[in-house]
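In: structure for the following, please:
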Amino acid sequence: MNKQIIYSLVIFFILAQLNGQGGSIGCGEVIVDQIPFTFDSTTVDGGETIDASNGGVGNGDDIVFTLNVHEPITIDISLCHTETDYDAQMGLYTLDESCDGNNPVNAPATCGYPTAAQGGSSVDCFAEDAAACTEAAAPVVGTTASYRPIIYEYNLSPLDGQDTTTYYILIDGYNGSTGNFRITIEHSIAPYILSTELNQNNNWIDLTFNEFTYSVPEPWDNQTPLDQSDFSLDFNQNSGNATEVAINGISDTNGLALSGGELTIRLSLNIPNPASGIETIEISATDNTSIFDGGGTPMSDTTSTGLITLNGDAVIMIDRILEDDNSYITIMFNDTVYTNEAATAPLVLDDFDLIFNQSAGTATNVNINSLTDIAGEPLTGGVSALRIYLIVVNSPASGAEYIIIKPENNSSIYNKYSVPMLESATTGNVSLNDRLPPVITETNLQANNNVSFTASERLYKTTDPLNEVDEGNFSIVFDSSPPGSNAETIVINSVTTPEAGSNVYLYTMNLDISPLPSGVETVYFKPNQAAVIFDSSGNILADSTELVTLNDKLPPILEPENSSLDESNSYVILTFTEGLYTNDNGNNPVTPSDFSANIITADNATTASITSALDSTGSALSGGETSIRLNMSYDNPPSGVETMEIKPQENQVFDSAGNAVIGSTNDTTFTLYDALAPSVSFDPENNSLIYPNEVFMITLSEDVQLLDNSPVNSTNIDSQLTVAYIDGSAESIPFDATILDNEITIDPDPSGPTNDLDELRQVRVSILDGLEDLSDNQMDIHTAEYTVRDVSPPEINTTFSSIITSNAFVILSFSENVYT
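Out: Prediction:
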């Protein structure tokens, strides 16, 4: 019989043998020393003491409790506890003195539950399952709730002829199951209300019973939960404010539906008028057949909660209205309020405390100034509503600030039933009304000359927050009077408003400026007095944007009247309306590649090139010059009839604002000066064979004059010509020359014989460099060389001819070489 007893907690376990049951432990392992009795233990590794096969199904490790009965008792024995975590069985036995557990005798079958007829047991009073043990009765993890047995109303007495009978309570397991358990033994009594808890606001009352409760007398068949109709409520007004109280719902303490077997239930109360704190209620069972315990024992309808005084309805502020200008706040209470508990004196300033929170607002504090009734008259008694006049420091408020008004303490304000208003009963956060007009905090000119500004808050055409401002809400103040101004008109095409939800209130005026601004014009914008601008609180915008100077958007323009070509054709001067740069950031001077030059009417010159770019004095550029000198070169000297176009390259020449010169509209054309010396042509052509009587013709390409600009004529032309033999020693040949229409006629040896030039001689005709064209282009020396033809037949020179003396031959002398 010696076994190890494993247990965790004994509640109500007073020193054994002092009171209650006590006595000898006998064949048991734990003695029930008194009732009520609670014990926690386990059957795991507990060994087998009593064979339960005659009462239950299965037989396994067990624990045996000794209960010595000296007089008749009626008890409830329960394993229906959260601590019981396995499929348990429980029964009562008697044993002989040998403690032979193999032959136990069932205790008398004198219990109210379970019986074989009720189910849950195959033998009366041997507990296997208990349908009344629900999750609501005792939540459990790891086993089915009903696997934790209960024996209700077990009537035990000493057996006949015995002063004391020892009964053994066996805790076993179904089919050998083992686990942890809690056992409780209590005297069987009808259900009653053990305690109550009334909600502070009288919304509900919790009833706690001494045992699990049901709405039916056979909870082993149907675990019907309690219903609100199972309860009766008796109300006593006692001259209070509440006129009635009704039960209007039932649930568990979490507000969920009941499932049956609850120890604590919640009844919802309906009280149309707030209670004063003097009314009472008493709750009982509707009748003797309304509420039952797990063994079917009814709760008597004479058992009740006893009188419960309703909580006085807390004094609260049921509404508050802040005047638009923040000058006072009207507060409504749920009852008439006073400054004293006797409810005889009116409220005073010291009854209230005001808490101010500036947040991001402009007002720095709010103080209470005075109290009046809602008509603005001084207080003379209790009121259910009043005005609290306020002083806003650094007014106006922006609307971000808020105040909280509450009682100064828990004994500052009372209702007519002397119920105090608690400090926690406040107005809540009351935001001050926005009385701060919107302002423009920043103005910015965008690169494209649109003007943006940041406002302190979102702006509207009306107080309707869906009606945002547009171009019609703004007036333009435009000044185009400064010297150099080019723009004449500005129109607001549209207004870009902040994105929805943005807390940065950025507005952009999208402008149409015509013609392009030069960068000296100014503009600012102000509200249109005919279309007022509001914030969301109806405050009017009076602010204007800052004055901005428009960005220069006018490209530099070539001034043809101030541009020129040097007479030498070696450079041109181009003059623009503004200083020029090679890039759009205004840092570097222009370069030759920024311009193009093209001969559009070609003659002697067909191409032109820009060799360098300088300032107008011929010095190096530094950037920002309005006059640019472009040095030029040509493939051939211009004849004076060529025309040349010069213009900036597209998007390569800029002003300081980054505006590009438009090349296609800023070109200029120059007629090149004549830089070509007169040319000549000879007739006959150079290196020709000529006749002795040849007359030479020299044709000039243009009009000529002497180097001193005096005219050339037939009288002085001879000085510019030479005719000479060039074979052997040079011999000048006399000639006569005339000039007519740029054609020179040269007649060699005009006074000589018919054959003017010697045959077979080399002759050179030259025109000297003493002539120039009318543009002062000096001629070079031009020459042509000729060979005079042999046109005369050979003649026998008799003087030098002879016959030999033998008459054998004759020697003939000819005037020239002869050939066969």
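
In: if I've got this straight, residue 766 is in a helix?
Out: No - using DSSP: H, G, I helix; E, B strand; the rest coil, the secondary structure at residue 766 is strand, not a helix.

In: ok, it - contacts?
Out: By Cβ atoms under 8 Å, 6 or more residues apart in numbering, residue 766 lies in contact with 721, 722, 723, 781, 782, 783, 784. Every C-beta, even on glycine, is put in place using the N, C-alpha and C of the backbone.

In: 6 Å - rerun?
Out: The contact partners of residue 766, taken as Cβ atoms under 6 Å, 6 or more residues apart in numbering, are 722, 783.

In: can you offset everything so residue one is 29?
Out: All set: I'll call the first residue 29, so the last point we hit is now residue 794.

In: for it, give its distance to residue 708.
Out: Separation of residue 794 from residue 708 (Cβ to Cβ, to the nearest Å): 10 Å.

In: again with residue 445
Out: From residue 445 across to residue 708, the span is 138 Å (Cβ to Cβ).

In: got it, and residue 593?
Out: Taking Cβ to Cβ, one finds residue 593 at 28 Å from residue 708.

In: could you do residue 485 as well?
Out: Residue 485 is 91 Å from residue 708, where distance means Cβ to Cβ.

In: again, but for residue 64
Out: Distance from residue 64 to residue 708, by Cβ to Cβ: 152 Å.

In: so between the two, which is more surrounded?
Out: residue 708 (19 against 14; other Cβ atoms under 10 Å).

In: count the neighbours of the closest residue to that one other than its chain neighbours for me.
Out: Leaving aside its sequence neighbours, residue 708 sits nearest to residue 810 (Cβ to Cβ, 6 or more residues apart in numbering; 4.7 Å). As a burial measure, residue 810 scores 18 neighbours (other Cβ under 10 Å).

In: please apply the same query to residue 125.
Out: Using other Cβ under 10 Å, residue 125 has 7 other residues around it.

In: before we move on, what about the one 5 residues further on?
Out: The number of residues packed around residue 130, counting by other Cβ under 10 Å, is 9.

In: ditto for residue 553
Out: Each residue near residue 553 was counted by other Cβ under 10 Å, and the total is 26.

In: what does residue 692 give?
Out: 9.

In: and the one 3 residues further on, by the same measure?
Out: As a burial measure, residue 695 scores 15 neighbours (other Cβ under 10 Å).

In: excluding its backbone neighbours, what's nearest it?
Out: Distances taken as Cβ to Cβ, 6+ apart put residue 675 closest to residue 695, at 3.4 Å, once the chain neighbours are dropped.

In: low-confidence ranges, the protein, go.
Out: 29-49, 82-86, 148, 778-783 (pLDDT under 70).

In: which residue sits closest to residue 386 in space, ignoring its chain neighbours?
Out: residue 429 (5.4 Å).

In: repeat that for residue 73.
Out: residue 89 (6.6 Å).

In: how many other residues sit next to the one you found?
Out: 20.

In: who's in contact with it?
Out: Counted by Cβ under 6 Å, 6+ apart, residue 89 has contacts 71, 74, 75, 206.

In: which strand or helix spans the residue lying closest to the second one once chain neighbours are set aside?
Out: Read it as residue 74. Distances taken as Cβ to Cβ, 6+ apart place residue 89 nearest to residue 74, at 4.2 Å, with adjacent residues excluded. Here residue 89 sits in a region with no helix or strand, counting by DSSP states H and E.

In: residue 693 versus residue 678, what's the distance?
Out: Distance from residue 678 to residue 693, by Cβ to Cβ: 11 Å.

In: sorry, back to before: just the buried residues from the contacts of residue 89, in PyMOL please.
Out: Filtering the contacts of residue 89 down to the buried ones (16 or more other Cβ atoms under 10 Å) takes a single PyMOL command:
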select buried, resi 71+74+206
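
In: in strands, which of the contacts of residue 89 fall?
Out: If you go by DSSP state E, these have nothing in strands.

In: now the contacts of residue 89 in TSV, with distance to residue 254?
Out: As requested, the contacts of residue 89 are exported to TSV (distance: Cβ to Cβ, whole Å):
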residue	distance to residue 254
71	34
74	38
75	42
206	35
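
In: now for the contacts of residue 89: which two are most distant?
Out: The distance between the two most remote of the contacts of residue 89 (Cβ to Cβ) is 10.6 Å, for 75 and 206.

In: strands of the stretch 79-228 of the chain, start to end?
Out: For the stretch 79-228 of the chain, the strands defined by DSSP state E, counting those that start in this stretch occupy 91-97, 101-106, 116-122, 133-134, 178-184, 193-201, 208-215, 221-226.

In: any chance of TSV for those, columns mean neighbour count and distance to residue 293?
Out: Output for the strands of the stretch 79-228 of the chain, formatted as TSV (neighbours: other Cβ atoms under 10 Å; distance: least, Cβ to Cβ, whole Å):
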stretch	mean neighbour count	distance to residue 293
strand 91-97	23	32
strand 101-106	23	20
strand 116-122	25	27
strand 133-134	14	37
strand 178-184	22	20
strand 193-201	24	30
strand 208-215	19	20
strand 221-226	15	10
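
In: would you turn these into a markdown table with distance to residue 258?
Out: Putting these into a markdown table (distance: least, Cβ to Cβ, whole Å) gives the following:
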| stretch | distance to residue 258 |
| --- | --- |
| strand 91-97 | 34 |
| strand 101-106 | 21 |
| strand 116-122 | 30 |
| strand 133-134 | 36 |
| strand 178-184 | 20 |
| strand 193-201 | 33 |
| strand 208-215 | 23 |
| strand 221-226 | 12 |
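
In: wait, which of those strands is closest to residue 171?
Out: strand 116-122 (8.5 Å).

In: which neighbouring elements make contact with the closest one?
Out: In terms of contacts (3 or more Cβ pairs under 6 Å, 6 or more residues apart in numbering; DSSP states H and E), strand 116-122 is packed against strand 193-201.

In: contact partners of the strand it packs on?
Out: Defining contact as Cβ under 6 Å, 6+ apart, one finds that strand 193-201 is touched by 54, 56, 78, 80, 88, 90-93, 95-97, 116-121, 135, 186-187.
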